[in-house]
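> After the sequence you'll find the predicted model.
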Amino acid sequence: MKLSPHFSLYEMYKSREADRLGIDNEPKDKTIINNLERLCENVLEPTRTYYGISFSPSSGYRCLELNQALKSKDTSQHILGEAVDFELPSVDNYELALWLKNNIYYDQLILEFYDKDKGGDSGWVHVSLKENVNRGTILTINKLGTHIGLIK
């Protein structure tokens, strides 16, 4: 099932960890599928169009069981299909986060585990988007903790 011209439902819930653990991570709830479609249309498609690079998210929807297996919080927006983690081949993740900050409507934008000393492909970018009210929060999470704003 296609959620947008370049992204499928499968891409948004695929998980090697779920496969390894025998967890069915496919969303059945229409609200979750609608949330994933919103992410594809409003975050992933504009990013793909701007950069002209084909890519697949590293993490989208996570059922509660998978989310707990990954030791993530039960309040994660991934559980609701409202969050996606991704990076682009040959694009520095800090630069990607900066572009998203200036061009995409979001609830949270988080640059996670980026290390300028290790190069632009370290870490990943997390973007969440809600149906209605979005906070517009920007954070950097790294080995030193959680910080407000984008930190290189």
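In hand now; what should we look at? Residues are numbered from 1 along each chain as shown.
> thought residue 33 was touching residue 27?
Yes: in terms of CB atoms under 8 Å, residue 33 counts as a neighbour of residue 27; the distance is 5.7 Å. Placement of C-beta: from N, CA and C, glycine included.
> Which residue ranges of the protein form strands?
According to DSSP state E, the chain carries its strands in the segments 2-4, 7-8, 83-86, 108-112, 124-128, 137-142, 145-148.
> Can you check what angle separates the fourth one from strand 137-142?
Taking axes from the mean of the first three to the mean of the last three CA atoms, to 10 degrees, one finds strand 108-112 and strand 137-142 inclined to each other by 10 degrees.
> ok, and what's touching strand 108-112?
77, 83, 85, 93-94, 97, 100-101, 123-128, 135, 137-142, 150-151 (CB atoms under 8 Å, 6 or more residues apart in numbering).
> now residue 102: how far from residue 131?
Computed as CB to CB, to the nearest Å, the residue 102 to residue 131 distance reads 23 Å.
> Neighbour count: these two, which is higher?
residue 131 (12 against 7; other CB atoms under 10 Å).
> Report pLDDT for that one.
Residue 131 carries a pLDDT value of 95.
> wait, what's in contact with it?
Contacts of residue 131 (CB under 8 Å, 6+ apart): 34-35, 38.
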